[in-house]
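Chemist: one predicted model, sequence on top.
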Amino acid sequence: MTTFARSTFSAKAYAAFRPAYPPSVFRTVLNYHQLPAPGGTLLDLGCGHGIITRYLRPHFKSALAIDPSVGMIAQAQQTTADPEIVFRQGSAEDLSFLSDGSVDMAVAGQAAHWFDYGKVWPNLARVVRPGGTVAFWGYKDNVLLGTEHVTEIMEEFIYGFDEVAPGWTGMGPCWEQPGRNILRDLLRSVRPPESDWADVKRLEHEPGKEDTEETCWLRKNMKLGEVDSYLRTFSCFIAWKDEHPDVKSRTEGGDGDIIDVMWDRIIDTVPEWKAMGGRWREAEVISDWGTYILMARRR
């Protein structure tokens, strides 16, 4: 996945504005793993800034975390003091540095939709010990509950291929595919090979539906300003910025970028937000993300 290696990508902004995983996610994957006591090795694939590795490491003797992005690895190293965690640049498609059966649990948070499974499944089958586990989880687009028409406008700008405002084309062509569509389908097309994996379990939640805490694990109150900052971490927007280097957002002192134009249209449709004038960023909404957890045990 090349977007996060772009010059316009900010690992610090990603760490600051991406939603965190709640304790319920970690309870789910650890209960599935059934680790009796801290021991063994954790492998975090696509570790980003290291939040998963740091949370899970106390349940293991050691942890190895890899990510293709140099910026992500640097951010993870700067914010991690645990000597039993090793961060290194790398990809899930190349685990040649690991010995056979050396991993007790392999995890991937918001990264598994980018994997080349023709390479990843054989890699994991080799390095995960018999009885060891894999757990992938992530989230797709959030819905702003109670303002569904706003979500529709966001969808048009973020995924559209046609003109979404005079002189502005949607960011649909800027997504790296097929990864994004795999995520939007909650990884249903990703199936652990039965020859190597058993006890496969899937948990998923479609945004806007009522579910249990185990499946509906990413729903939170946000200010519109926070939603704006989150949208600006999208890989499609990072790619769009690279394609439009001369277009500056209003916060950067420019005339506005495509996200600013999107908000102009959104604010015009909600009288309460429009009445707030320049304070519209303080308006509060409930974001509900579609989520999945996929787990399997090595035969």
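Modeler: Arrived safely.

Chemist: going by C-alpha atoms from here, please, whenever you check contacts or count neighbours.
Modeler: OK.

Chemist: and residue 95, how many neighbours?
Modeler: 17 (other CA atoms under 10 Å).

Chemist: give me the buried positions along stretch 184-199.
Modeler: Using 16 or more other CA atoms under 10 Å as the test for burial, stretch 184-199 gives 184-187, 192, 196-198.

Chemist: show me where the protein has helices.
Modeler: 11-17, 23-33, 51-56, 70-78, 117-127, 148-159, 179-184, 224-231, 235-243, 258-269, 271-275 (DSSP state H).

Chemist: and those, which one averages the lowest pLDDT?
Modeler: Ranked by mean pLDDT, those end with helix 11-17 in last place, scoring a mean of 59.

Chemist: return the distance of stretch 56-65 from the chain's centre.
Modeler: The chain centre lies 21 Å from the centre of stretch 56-65; the measure is CA atoms, centre = their mean, to the nearest Å.

Chemist: residues making contact with it?
Modeler: With CA atoms under 8 Å, 6 or more residues apart in numbering as the test, stretch 56-65 has contacts from 26, 35, 37-47, 50, 53, 84-88.

Chemist: closest to residue 160 out of the buried residues of stretch 184-199?
Modeler: The shortest approach to residue 160 among the buried residues of stretch 184-199 belongs to residue 184, at 14.9 Å (CA to CA).

Chemist: give me the number of residues near the closest residue to that closest one other than its chain neighbours?
Modeler: Spatially, and ignoring its direct neighbours in sequence, residue 184 is nearest to residue 140 (5.5 Å; CA to CA, 6 or more residues apart in numbering). Using other CA under 10 Å, residue 140 has 21 neighbouring residues.

Chemist: same deal with residue 206?
Modeler: There are 22 residues near residue 206, going by other CA under 10 Å.

Chemist: contact partners for the residue nearest to residue 184?
Modeler: By CA under 8 Å, 6+ apart, the contact set of residue 140 is 183-184, 186, 289-291.

Chemist: which ones among the buried residues of stretch 184-199 are found in strands?
Modeler: 197-198 (DSSP state E).

Chemist: so residue 204 versus residue 139, what's the distance?
Modeler: Using CA to CA, to the nearest Å, one obtains 9 Å as the distance from residue 204 to residue 139.

Chemist: what touches both of these two?
Modeler: 186, 290-292.

Chemist: follow-up on the earlier one: mind picking the two most distant members of the contacts of residue 140?
Modeler: Largest separation among the contacts of residue 140 by CA to CA: 183 and 289, giving 11.8 Å.

Chemist: who touches both of these two?
Modeler: Joint contacts of residue 183 and residue 289 (CA under 8 Å, 6+ apart) are 139-140.

Chemist: okay if I get the helices of the chain as TSV plus distance to residue 134?
Modeler: What follows is these, written out as TSV (distance: least, CA to CA, whole Å):
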stretch	distance to residue 134
helix 11-17	24
helix 23-33	8
helix 51-56	13
helix 70-78	22
helix 117-127	8
helix 148-159	31
helix 179-184	17
helix 224-231	28
helix 235-243	25
helix 258-269	37
helix 271-275	44
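
Chemist: not counting its neighbours along the chain, what's nearest residue 74?
Modeler: residue 49 (8.0 Å).

Chemist: count the residues that sit near the one you found.
Modeler: Neighbour count for residue 49, taken as other CA under 10 Å: 26.

Chemist: does it really touch residue 68, like I thought?
Modeler: No: assessed by CA atoms under 8 Å, residue 49 is found out of contact with residue 68, at 11.6 Å.

Chemist: out of the contacts of stretch 56-65, which are buried?
Modeler: Neighbour-count burial (16+ other CA under 10 Å) is assigned, among the contacts of stretch 56-65, to 40-47, 50, 53, 85-88.

Chemist: farthest pair within the residues you listed?
Modeler: Within those, 40 and 46 form the most distant pair, 19.7 Å apart (CA to CA).

Chemist: OK, contacts around residue 250?
Modeler: Applying CA under 8 Å, 6+ apart, we find residue 250 in contact with 256-257, 260.

Chemist: quick one on the thing from earlier: tell me which of the helices of the chain lies nearest to residue 211.
Modeler: Among the helices of the chain, helix 23-33 comes nearest to residue 211, with 13.4 Å by CA to CA.
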